[in-house]
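S.K.: please find the sequence and the predicted model below.
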Amino acid sequence: MALYEGLKRGLDPEPAPLPRRQAYAPPAQAQAWRTVEARVREPDGAPAPWMDRLLGSGSTHTLGKAAGQALAGLRAGREERPRAAPPREAWKPQRMQAVGAGESPVPHGRKGMIRGLMVAGGLAWAVLAFRPWQRAGGLMVDVGAIFSRPESAAGPAAAAPDGQDAKAASDRAAAAAAAQADARKLAALPVVAGTGKPLALWQDGGGRWYKVDDGGALAPTASPWAKDCLGLPELRGLAARGEAHGVGRLLRVDLPAGLLPLDAAVASETRAVILSDPLQPVLLTHDGTRCLLGDGAWKEREQRLAMVLADLAARRRRAASIDLSYEDTAVVR
């Protein structure tokens with residue numbers, strides 16, 4: 001669709017022309033400068049106050065009026081009788097939390113946790129450095145002597161016992177003194193090493209290692225990893241005693257008869273033999289398995305233990321404990 005306009009322009013008379021805009025003509029510039037003169041007449045009489053000259057006209061009047069109103073208010077407050085203050089409501093503290101209030105003596109957030117971990121780490125390091133559990137064995141305290149009365153204050157009956165009790169007490173004291181003297185003499189003698197075939201290892205409280213032969217005699221060794229000590233289990237739970245042997249003393253431990261040497265298949269897997277109860281020994285393997293042998297017939301029980309350990313190794317399983325105290329049975333946990 002299209003729209004055409006002015007098709008009859010040739011037939012109509014010529015329209016009147018549109019009025020044209022007048023051209024912009026800038027205003028005529030001034031031809032010359034005009035000179036304006038202003039004169040200020042100073043007031044007659046005394047000059048204005050310095051406050052008006054400093055702050056402006058009327059400053060002196062305004063400040064004077066304000067000072068007069070303040071003095072009038074003070075005088076009126078002094079003359080007026082004091083009024084009873086209205087009762088105040090009980091102040092209730094609102095629970096609020098300050099965020100970003102700066103440093104505080106009480107740590108907050110991660111800083112407090114880090115400080116706590118540092119303190120715990122320091123305490124753990126001190127415990128590991130001093131090892132108080134190793135020194136506790138050297139503290140021998142007679143607790144009964146603290147709560148018992150001395151003989152001088154026990155009464156007239158204890159101060160003057162009869163003749164038989166006095167003789168028995170003197171005999172016991174003499175025997176104890178003789179035993180202590182013998183123990184001191186024995187301790188002064190040099191240690192004589194055992195000459196039997198070593199079957200196990202034993203360590204004293206001072207950290208020194210000894211080889212144990214089939215008779216329980218001890219022979220000092222420089223290191224438990226020496227060539228002649230390889231494959232020997234460690235004995236735990238036993239105390240050594242000294243006995244005179246020629247010009248020296250021989251250290252010996254009491255071994256259960258028939259326990260050592262261990263079966264070859266079991267000895268290679270055994271790390272230590274625990275003899276806290278000599279009638280029921282416990283074998284501790286290198287994997288940490290506790291093997292309860294029970295009472296008696298240890299060689300037969302060791303053979304059953306060897307079969308159980310071989311079956312567990314074939315299955316790639318690890319046991320926490322093996323109980324061989326039952327007849328022809330092994331309970332594995």
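M.R.: Received, thanks. Residues are numbered from 1 along each chain as shown.
S.K.: what about the strands in the stretch 51-200 of the chain?
M.R.: Remark: strands of the stretch 51-200 of the chain, listed N- to C-terminal, are 191-192, 198-203; assignment by DSSP state E, counting those that start in this stretch.
S.K.: mean pLDDT, distance to V273 and mean neighbour count added to these, as TSV?
M.R.: Every residue, glycine included, has its C-beta placed from N, CA and C. Written out in TSV, the entries for those read as follows (pLDDT from 0 to 100; distance: least, C-beta to C-beta, whole Å; neighbours: other C-beta atoms under 10 Å):
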stretch	mean pLDDT	distance to V273	mean neighbour count
strand 191-192	76	23	16
strand 198-203	90	7	20
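S.K.: TSV please, covering those and showing distance to L255.
M.R.: Converted to TSV, the strands of the stretch 51-200 of the chain look like this (distance: least, C-beta to C-beta, whole Å):
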stretch	distance to L255
strand 191-192	18
strand 198-203	8
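S.K.: do you know which of those lies nearest R249?
M.R.: strand 191-192 (6.2 Å; C-beta to C-beta).
S.K.: which residues touch that closest one?
M.R.: The list of residues contacting strand 191-192 from outside it, by C-beta atoms under 8 Å, 6 or more residues apart in numbering, reads 220, 245-246, 248-251.
S.K.: list the neighbouring strands of it plus their orientation.
M.R.: Listed by DSSP bridges, the sheet partners of strand 191-192 and their directions read strand 248-252 (parallel).
S.K.: and the contacts of the strand it pairs with?
M.R.: Contacts made with strand 248-252 from outside it, assessed by C-beta under 8 Å, 6+ apart, are listed as 186-187, 189-192, 194, 210, 215-218, 240-244.
S.K.: next, the angle strand 198-203 makes with that strand.
M.R.: Taking axes from the mean of the first three to the mean of the last three C-alpha atoms, to 10 degrees, one finds strand 248-252 and strand 198-203 inclined to each other by 100 degrees.
S.K.: let me see the mean pLDDT of strand 248-252.
M.R.: Computed over strand 248-252, the mean pLDDT rounds to 82.
S.K.: figure out which of the strands of the stretch 51-200 of the chain is closest to A67.
M.R.: Nearest to A67 among these is strand 198-203 (100.8 Å), distances taken as C-beta to C-beta.
S.K.: by contact count, what packs against the next helix or strand after the closest one?
M.R.: Sequence-wise, the next helix or strand beyond strand 198-203 is strand 209-213, with elements assigned using DSSP states H and E. Applying 3 or more C-beta pairs under 8 Å, 6 or more residues apart in numbering; DSSP states H and E, one finds that strand 209-213 makes contact with strand 198-203, strand 218-221.
S.K.: nearest to P281, of those strands?
M.R.: Closest approach to P281 among these (C-beta to C-beta): strand 198-203, 11.6 Å.
S.K.: in PDB, list the C-alpha atoms belonging to that closest one.
M.R.: Listed in PDB are the C-alpha atoms of strand 198-203, where the atom choice follows Å, rounded to 0.1, in the frame of the first residue of the first chain:
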ATOM      1  CA  PRO A 198      71.700 -69.700  74.700                       C
ATOM      2  CA  LEU A 199      67.900 -70.200  74.200                       C
ATOM      3  CA  ALA A 200      66.500 -66.800  74.900                       C
ATOM      4  CA  LEU A 201      67.300 -63.100  75.800                       C
ATOM      5  CA  TRP A 202      66.600 -61.200  79.000                       C
ATOM      6  CA  GLN A 203      66.900 -57.500  79.900                       C
END
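S.K.: now do it: which elements does it pack against?
M.R.: On a contact count with 3+ C-beta pairs under 8 Å, 6+ apart, strand 198-203 meets strand 209-213, strand 218-221, strand 234-236.
S.K.: quick one: closest of the strands of the stretch 51-200 of the chain to G56.
M.R.: With distances scored as C-beta to C-beta, the stretch of the strands of the stretch 51-200 of the chain nearest to G56 is strand 198-203 (104.7 Å).
S.K.: R333: neighbour count?
M.R.: For R333, the count of nearby residues is 9 (other C-beta atoms under 10 Å).
S.K.: how far away is it from R252?
M.R.: Taking C-beta to C-beta, to the nearest Å as the measure, R333 falls 36 Å from R252.
S.K.: circling back to that earlier point, and the contacts of strand 191-192, which of them are buried?
M.R.: In these, burial by neighbour count holds for 245, 249-251, counting by 16 or more other C-beta atoms under 10 Å.
S.K.: what are the ranges of the helices in the stretch 201-333 of the chain?
M.R.: Listed from the start of the chain, the stretch 201-333 of the chain has helices (DSSP state H, counting those that start in this stretch) covering 264-267, 298-315.
S.K.: tell me the domain ranges of this structure?
M.R.: Under automatic domain parsing, the residue ranges defining each domain of the chain are 180-255, 256-333.
S.K.: ends of the shortest one, what's the gap?
M.R.: What that stands for is domain 180-255. Terminal residues of domain 180-255 lie 26 Å apart, using C-alpha to C-alpha, to the nearest Å.
S.K.: picking that back up, can you tell me which two in the contacts of strand 191-192 are farthest apart?
M.R.: Among the contacts of strand 191-192, the pair separated by the greatest distance (C-beta to C-beta) is P220 and G246, which sit 16.7 Å apart.
S.K.: hmm, back to that, out of the helices of the stretch 201-333 of the chain, nearest to R115?
M.R.: If we rank the helices of the stretch 201-333 of the chain by C-beta to C-beta, the stretch that ends up nearest is helix 298-315, at 48.3 Å.
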